[in-house]
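Q: what follows is a predicted protein model with its sequence.
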Amino acid sequence: MLVLVAPGQGAQTPGFLTPWLELPGAADRIAAWSDAIGLDLVHYGTKADADEIRDTAVAQPLLVAAGLLSAAALGDVSPGVVAGHSVGEFTAAAFAGVLDDTAALRLVRTRGLAMAEAAAITPTGMSALLGGDPEVTVPHLEKLGLTPANVNGAGQIVAAGTLEQLAALEADKPEGVRRVVALKVAGAFHTSHMAPAVAKLEEAAKELSPAAPATRYVSNKDGQVVTDGAEVVARLVGQVANPVRWDLCMETFQALGATALIEVCPGGTLTGIAKRALPGVATVALKTPDDLDAARTLIAEHAAV
């Protein structure tokens, strides 16, 4: 059984979209999406530097567009499960047919702008903790005033809070944590700092007509399969200010019998976690079009639902 997943913010790198635009029809598709959301995705995906694509309002639609483009390049795919990490849930919602590609991109453009505004209120950020025991790490973070914003499994938790709180964490790591790595994001996502963005996203979501998922959709909120389109959208809105439980998503993948996992562009982060947390599950990360053949082979072997 194949799982198709989409990464979240921080996975983007300068120029990562460039090789994908060489595929037939890709440039036209990206141009149409750019017009639809009022953002030059070609520029940001090919020529912009790291600081430009770190901007939340840019990074989020850019990541969703890249995920949709790379998935389309795979051809006919019938995954048993779809899911996305943080903003990747919008990509997954499009995979599942809850929203069409343009609607997903318009909603995520609103999300990015609203979260950028919220992030500007107080200087905040996120840092990944490598190693350690969650039962020790989480209380330590809370003592420092930080939120365990992403519980990713395989020994990885992402802390979020003010820059001062993150500096205190760097100086006072929880027992067992090997490293604290600052992420390429511009705010404390999935925390109360993002509450101002929720209302704006709720308003934008009222204009949507979501469909029921055509493929099993696993939610970041609690790792549960969501079968109602309106509920998927409600969770997309709420997740802005609530923690991502990717660990629970992977538990669900395992319970549903996952045998393979493909991570769409810019792949790498989620496959890395899966290799540690889901032993025996074959993985492919789509980084460039050179990875498509390996992904198609995996699809042919594991796509039965």
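A: Perfect, I can see it now. Computed from a prediction, not measured in an experiment: that's the story for all the values here.

Q: just the element for the nearest residue to L201 once chain neighbours are set aside, please.
A: With sequence-adjacent residues excluded and distances taken as CB to CB, 6 or more residues apart in numbering, L201 is closest to V237, at 4.7 Å. Backbone N, C-alpha and C define where each C-beta goes, glycine included. Per DSSP states H and E, V237 falls inside helix 229-238.

Q: buried stuff in that helix?
A: Burial within helix 229-238, assessed by neighbour count using 16 or more other CB atoms under 10 Å, is assigned to G229, E231, V232, V233, A234, R235, L236, V237.

Q: do the same with stretch 282-299
A: Of the residues in stretch 282-299, 282-287, 289, 291-292, 295-296, 298-299 count as buried by neighbour count, 16+ other CB under 10 Å.

Q: list the ones among the residues you listed that fall in helices.
A: L292, A295, R296, L298, I299 (DSSP state H).

Q: wait, what's in contact with the last one?
A: Meaning I299. Contacts for I299 (CB atoms under 8 Å, 6 or more residues apart in numbering) come out as L2, L74, V77, I262.

Q: show me the shaky parts of the stretch 51-200 of the chain.
A: Under the criterion pLDDT under 70, no range of the stretch 51-200 of the chain is flagged.

Q: so how far is stretch 95-115 off the chain centroid?
A: Computed by CA atoms, centre = their mean, to the nearest Å, the chain-centroid distance of stretch 95-115 equals 12 Å.

Q: again, but for stretch 108-125
A: Relative to the centre of its chain, stretch 108-125 is centred 16 Å away, using CA atoms, centre = their mean.

Q: hmm, who's touching that stretch?
A: By CB under 8 Å, 6+ apart, stretch 108-125 touches 37-39, 55-61, 64, 87, 90, 160-163, 166, 182-183, 185-189, 191, 193-197, 200-201, 204, 240.

Q: change it to 6 Å
A: 37, 56-57, 60-61, 64, 90, 162-163, 166, 186-188, 193-194, 196-197, 200-201, 204 (CB atoms under 6 Å, 6 or more residues apart in numbering).

Q: cool, stretch 205-225 as well?
A: Counting contacts by CB under 6 Å, 6+ apart, the residues outside stretch 205-225 that touch it are 81-83, 89, 96-98, 226, 229-230, 232-233, 235, 237, 239, 244-245, 248-249, 251-252.

Q: buried ones only from the contacts of I299, please, as a PyMOL command.
A: Selection of buried members from those for PyMOL, criterion 16+ other CB under 10 Å:
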select buried, resi 2+74+77+262
